[in-house]
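Peer 1: no sequence on this one, just coordinates:
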């Protein structure tokens, strides 16, 4: 039997599976007791969470409420149902978005699911839990911005001599299932299990904000944003996900299949109506056996899984449809094919690498879709390029044979050129090709090359995200490889000088000038 809030008098408790579990309507407030130490309140006229008490400790922040986007102004209703009436479901509806909150008997959690037909008109598609900083003060040190001074926009700050940003709390989606903040005898955790990211955008290596410390400790689940976005936004069902409370320990992910039995949840496709794929990746170097990721994507959904060291994989449960299946070595796509997933079935799809490796005379870095190993790459995800802990960005002169740790991960138009010195034998000269692999660029930055006295043509503007990247702690964009045909007579036996410059029709100061993130540079 479903009980609607329309028929429940104010201040009346509706009981559930056991004493203590239930929902109370008090004015505009839906107050849910999970019988697990958590009591949370949803404003029925806005869809905001206004209180979250765990074992009597208030977790809701003192500033704004917790909500989807920046608040959706929804109208909410509720019902109780499920196995033994174990679920209290609050549905908050607007013209383009439905937010579901579920109190589950004996779970200290606010279970959630978001269904969209368009991006929010205000704010971004994210759930933001504004957590009481007095009671839960421990967030991510790199994203603590209180008492800081803004040095870039309103999101990068100097705090006691170090650069902090909410962007520096991010982790790649493939590795981001649980993150949280804590205090004495209480911790709050955002959990995104299984296929929670299936209607998000950006792929397995996308990074987005997890935490910001300011007036409140802000805890996020980002679904879509404009933060170095590499593909169009997806709409539909986002989640399920949960805000889970403990006394301090980190929870594991949880089984979301209980959502399959809840009625009238828009966008839910049950596990029984989903399909899976199994198979094996082949053709990759044995040294990369522990670096393989397989992804599936189409206009509506995205999925991914790590393959084992032999290349074998089993996909998540996916919605039926036709997908582009991609094999990645680290973050570099090395094979693609089209596959179809059928509901209720497990199919087989093997995939082979199509990567071709030139016979390099010399090569700097591993072409793997990342700048890992290069100068400052180990710091860029949690620091601004201007941070005093960074090594100097240049201008830099690098001699082939030096440690790759001296080679800069990025070059900036306003900072200076990158010079590469190499010594060639007479058998290595003549007409050659210089290859520059990049992962991201800003403000139409792209590399132009001067080899001794010869200057390359200017490459066209790249297809890269339009937003900031490196200063927001990410190198993830669209991997682009530039090749330059060096004419015979340019290279000489002995010492050669190659200069890489960033060109663009745009300009900017220092690290906000046009820039390029480097993956590898090779001569063949």
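Peer 2: That came through fine. Computed from a prediction, not measured in an experiment: that's the story for all the values here.
Peer 1: What is the burial count for the residue lying closest to residue 354 once chain neighbours are set aside?
Peer 2: Of all residues not flanking residue 354 in the chain, residue 335 sits nearest, at 5.0 Å (Cβ to Cβ, 6 or more residues apart in numbering). Every C-beta, even on glycine, is put in place using the N, C-alpha and C of the backbone. Applying other Cβ atoms under 10 Å, we find 19 other residues in the vicinity of residue 335.
Peer 1: Against which helices or strands is the helix or strand that residue 335 is a member of packed?
Peer 2: Residue 335 belongs to strand 332-341 when elements are defined using DSSP states H and E. Under the contact criterion of 3 or more Cβ pairs under 8 Å, 6 or more residues apart in numbering; DSSP states H and E, strand 332-341 touches strand 276-282, strand 321-329, strand 346-348, strand 351-352.
Peer 1: could I get those as TSV with mean neighbour count, distance to residue 59 and mean pLDDT?
Peer 2: TSV is the format used below for the helices and strands packed on strand 332-341 (neighbours: other Cβ atoms under 10 Å; distance: least, Cβ to Cβ, whole Å; pLDDT from 0 to 100):
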stretch	mean neighbour count	distance to residue 59	mean pLDDT
strand 276-282	18	37	98
strand 321-329	20	38	98
strand 346-348	12	41	98
strand 351-352	20	45	98
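Peer 1: before we move on, the earlier item: tell me the spacing between the residue nearest to residue 354 and residue 287.
Peer 2: When distances are taken as Cβ to Cβ, to the nearest Å, residue 335 and residue 287 turn out to be 17 Å apart.
Peer 1: Now the residue in the chain sticking out farthest from the centre. Nearest residue, chain neighbours left out?
Peer 2: Taking Cα atoms, centre = their mean as the measure, the residue most remote from the mean C-alpha position of the chain is residue 426, 47.9 Å away. In space, residue 426 comes closest to residue 493 once its chain neighbours are excluded; the distance is 4.3 Å by Cβ to Cβ, 6+ apart.
Peer 1: sorry, back to before: buried set for the strand holding residue 335?
Peer 2: By neighbour count, with 16 or more other Cβ atoms under 10 Å as the criterion, the buried positions of strand 332-341 are 332-335, 339, 341.
Peer 1: Max pairwise distance over these: which two?
Peer 2: Of all pairs drawn from the buried residues of strand 332-341, the one with the largest separation by Cβ to Cβ is 332 and 341; the distance is 24.4 Å.
Peer 1: before we move on, back to that, quick check, the residue nearest to residue 354 in contact with residue 353.
Peer 2: Yes - under the criterion of Cβ atoms under 8 Å, residue 335 is in contact with residue 353, at a separation of 4.9 Å.
Peer 1: Are there residues contacting both of the two? Which ones?
Peer 2: Residues touching both residue 335 and residue 353 (Cβ atoms under 8 Å, 6 or more residues apart in numbering): 281, 283, 327.
Peer 1: can you redo those as a markdown table with distance to residue 173?
Peer 2: Supplementary listing: the shared contacts of residue 335 and residue 353 in a markdown table, determined by distance: Cβ to Cβ, whole Å:
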| residue | distance to residue 173 |
| --- | --- |
| 281 | 20 |
| 283 | 26 |
| 327 | 18 |
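Peer 1: what are the bridge partners for the residue nearest to residue 354, then?
Peer 2: Partner residues in beta bridges with residue 335, using DSSP bridges, are residue 327.
Peer 1: can you tell me which residues contact it?
Peer 2: Contacts of residue 335 by Cβ under 8 Å, 6+ apart are 281, 283, 326-327, 351-355.
Peer 1: The same query, at a cut-off of 6 Å, please.
Peer 2: Contact analysis of residue 335 by Cβ atoms under 6 Å, 6 or more residues apart in numbering lists 327, 351-354.
Peer 1: Give me the neighbour count for residue 150.
Peer 2: Other residues near residue 150 come to 11 when the count uses other Cβ under 10 Å.
Peer 1: Quick check: closest non-adjacent residue to it.
Peer 2: residue 157 (5.5 Å).
Peer 1: Just checking: what are the partner strands of the helix or strand containing the one you found?
Peer 2: Applying DSSP H and E as the criterion places residue 157 in strand 156-159. Using DSSP bridges, the strands paired with strand 156-159 are strand 149-152 (antiparallel), strand 162-165 (antiparallel).
Peer 1: Having no further points to raise, I will conclude here.
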